[in-house]
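Q: Sharing a model prediction with you, sequence too.
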Amino acid sequence: MVLENPQGFSRPEMLAELSSTVYDLVIVGGGITGSYAALDAAQRGFKVALIEKDDFASGTSSKSSKMVHGGLRYIEQGNLPLVRHSLLERQRLRRNAPHLIQRLPFLFPVLSENGVFDRRLAAGFEALLWTYDMAGGWREGVLHQKLAPNEVLSHCPTFKSERLKYGFMYYDARVDDARLTLTIARTAAHLGATVVNHTRVGDIRRDGGRISGVEAETAEGRSLSIRTKSVIMATGSWLRDWHGAHPDADVPPIRPAKGVHIAVPWSKIRNDCTVTIPVPGRARRATITRWGDIALLGTTDEDYQGDLDDIHCTADERDFLIDGARTALNTDLDQGDVLGSIAGTRPLTAAPGGKSVDVKRNHEIRVDDDGLITVVGGKLTTSRHMAEQTIDAAAKVLGSKVRCRTIRQPLLGGAGYDAQSTTATGGLVAHLGERYGNESHFVADIIESEQGAGDPLVEGLPYLAGEAVYSIRREMATTISDVLDRRTRSRLHARDASAAAAPKVADLLVREGTIDRAAADAQLVDYLNDIAKEANALNTYTKEKESA
């Protein structure tokens, strides 16, 4: 099915629907799993609502490594079925959203000592790569390669050559995770789902032991009583702190694992692929991925027990990444080079104990007797399949036998999009193409026809004011953070410049009638305070570090 740009996706209209409609399903959580579940349910003909307390992808789904991959580490864990299926789902995502997902080479250097892995294990690692290729990596059209030292340096000239023996290159993909999640939610809306952000679900209502509805409240303070036959909890790590299941339900253990990434100038790294680097004294690896003039340096998987709504990269974590880069590369990268950061958690389904890095990334779906369905775990790459299995479970609850059809469902902007020719064009066409695909002309119309829409949105970044206007009109952006943190990657790539651009975005929100001046001023204060908190966290060491 080829989809055209939906001129709706209006939050006021969606909120009105919530109060007047009886739903088959209400999905709580607008991350990538909940969004794909809404798309699947709508395509099967269910009356479904997707409700997110903050913004689409505001949690884990905008703070991932931004990779669509099978996961070599999962082969190391002996979880070959997950790798095989992840690689299949990776190709489905690439086919259904070619504008958002690009092929990405990964480089593993082999060092004489203190490498990503011991040199003696290099032969075993090559066997691992052959397993990866055969499990599904071949779908990229290229197999892994063994690179001589000079070839490794051609892909990352800052790599220290003294201990470099050779390297391996294989292929996966990268994605702007927030835009992917948003596009899935918009596609669900186009297929008939009611989709709203900035609306918090509170209580679940039950009648005669069965779910009958939910109570919700919008960010503006409006109370909603929503009727539904079943509820799907797709809240990820936040399930840890939720206690709305029936007292007799067997709630799965949730173990949030924190991951952090910092953005640094690409000129400090000069890589043309994702480079995996060893980190001294740690079993974990770090990766460096290029996004234009920015290099994203990150790692994942440290247990986290704090406030899930207030997570930031700390000075310890920043230094950990910088030290790793300086050990592996000839670079003078330091604390002052950090342009932005993100920190988030992934919801592991595991009890405490052992290292979170060793926990398998499988997902779990639970169906309670009252019609409550819970999905948790998994990873971005397998989100479509997680959603399929979740809606399969919901279909049984609702007595339906309609089967999933999302395997070949293109997302908005993706049908017939030629990524290669658009990228070759370069300039604004390529920039808009990899963000909006075949919907680019809707954004271009604004840029070309409206005064000031062609002006830069954030100094030093390629985004234009017209893109912010489009996000407000057609992508349900209602806050400064929605525009700068998720509809664009501005805050991650240029935190201070985003702070400077925040008043401009506030003015656009008022001009477009989304909020009034008082609300815009309050948002501006909150946004600048949050950026100050992020900057402060980057300069705050933990007590462990101080005592050390």
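A: Perfect, thanks for sending it. Numbers count the residues shown, from 1 in each chain.
Q: Count the neighbours of Gly513 for me.
A: Neighbours of Gly513 under the rule other Cβ atoms under 10 Å: 9. Yep, even glycine has a C-beta here, placed from its N, CA and C like the rest.
Q: going forward can the numbers begin at 26, since that is how I track them
A: All set: I'll call the first residue 26, so the last point we hit is now Gly538.
Q: can you pull the pLDDT of it?
A: If you check Gly538, the pLDDT there is 97.
Q: Surely it is within a helix?
A: No: going by DSSP: H, G, I helix; E, B strand; the rest coil, the assignment for Gly538 is coil, not a helix.
Q: which stretches of the stretch 226-375 of the chain have low pLDDT?
A: 305-309, 325, 375 (pLDDT under 70).
Q: now the helices for it?
A: Using DSSP state H, counting those that start in this stretch, the helices assigned to the stretch 226-375 of the chain run over residues 340-353.
Q: Can you show me the strands along it?
A: Ranges of strands in the stretch 226-375 of the chain, per DSSP state E, counting those that start in this stretch, are 235-243, 248-253, 256-258, 280-290, 299-303, 310-316, 319-328, 365-373.
Q: okay if I get these as TSV plus distance to Ala198?
A: Formatted as TSV, those follow (distance: least, Cβ to Cβ, whole Å):
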stretch	distance to Ala198
strand 235-243	36
strand 248-253	36
strand 256-258	28
strand 280-290	17
strand 299-303	10
strand 310-316	11
strand 319-328	15
strand 365-373	18
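Q: looking at it, Thr260 is touching Gly54, isn't it?
A: Yes: the criterion here is Cβ atoms under 8 Å, and Thr260 meets it with Gly54 at 4.1 Å.
Q: Could you count how many residues lie near the closest residue to Ile336 other than its chain neighbours?
A: Closest residue in space to Ile336, ignoring its immediate chain neighbours: Ala368 at 4.5 Å, by Cβ to Cβ, 6 or more residues apart in numbering. Neighbours of Ala368 under the rule other Cβ under 10 Å: 20.
Q: of all the strands of the stretch 226-375 of the chain, which lies closest to Leu405?
A: strand 365-373 (9.1 Å; Cβ to Cβ).
Q: So in that sheet, which strands flank the closest one, and in what orientation?
A: strand 280-290 (antiparallel) (DSSP bridges).
Q: Low-confidence bits of the protein, can you list those?
A: The low-confidence ranges in the chain, as defined by pLDDT under 70, are 26-33, 95-105, 139-150, 152-153, 155-157, 160-166, 305-309, 325, 375-386, 568-573.
Q: If we use 80, what do you get?
A: Along the chain, the model assigns pLDDT under 80 to residues 26-33, 94-110, 137-169, 271-278, 303-310, 325-326, 375-388, 567-573.
Q: max-length helix in it?
A: Ranked by residue count under DSSP state H, the longest helix found in the chain is helix 542-562.
Q: packing partners for it?
A: Packed against helix 542-562 by the contact rule (3 or more Cβ pairs under 8 Å, 6 or more residues apart in numbering; DSSP states H and E) you find helix 505-506, helix 520-536.
Q: could you dump those to TSV with distance to Ala560 and mean neighbour count?
A: Supplementary listing: the helices and strands packed on helix 542-562 in TSV, determined by distance: least, Cβ to Cβ, whole Å; neighbours: other Cβ atoms under 10 Å:
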stretch	distance to Ala560	mean neighbour count
helix 505-506	16	25
helix 520-536	7	20
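Q: Any idea which of these gets closest to Leu50?
A: helix 505-506 (28.0 Å).
Q: so how far is the closest one off the chain centroid?
A: Its chain's average C-alpha position is 17 Å from that of helix 505-506, according to Cα atoms, centre = their mean, to the nearest Å.
Q: residues in contact with the helix or strand following it?
A: Going down the chain from helix 505-506, the next helix or strand is helix 515-518, by DSSP states H and E. For helix 515-518, contacts defined as Cβ atoms under 8 Å, 6 or more residues apart in numbering pick out 286, 288, 316-317, 319, 321, 364-367, 482-483, 486, 488, 506, 509-510, 522-523, 526, 556.
Q: in helix 515-518, what's buried?
A: By 16 or more other Cβ atoms under 10 Å, the buried positions in helix 515-518 come out as Ser515, Arg516, Leu517, His518.
Q: swap in stretch 335-350?
A: 336-340, 342-343, 345-350.
Q: Same list (those residues) but as TSV, adding distance to Cys181.
A: Conversion of the buried residues of stretch 335-350 to TSV gives the following (distance: Cβ to Cβ, whole Å):
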residue	distance to Cys181
Ile336	30
His337	29
Cys338	23
Thr339	27
Ala340	26
Glu342	23
Arg343	21
Phe345	20
Leu346	16
Ile347	17
Asp348	18
Gly349	14
Ala350	11
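Q: circling back: so what's the residue nearest to Ile336 up against?
A: Ala368 neighbours (Cβ under 8 Å, 6+ apart): Lys88, Lys283, Gly284, Val285, His286, Ile336, His337, Cys338, Glu342.
Q: Appreciated, that's everything.
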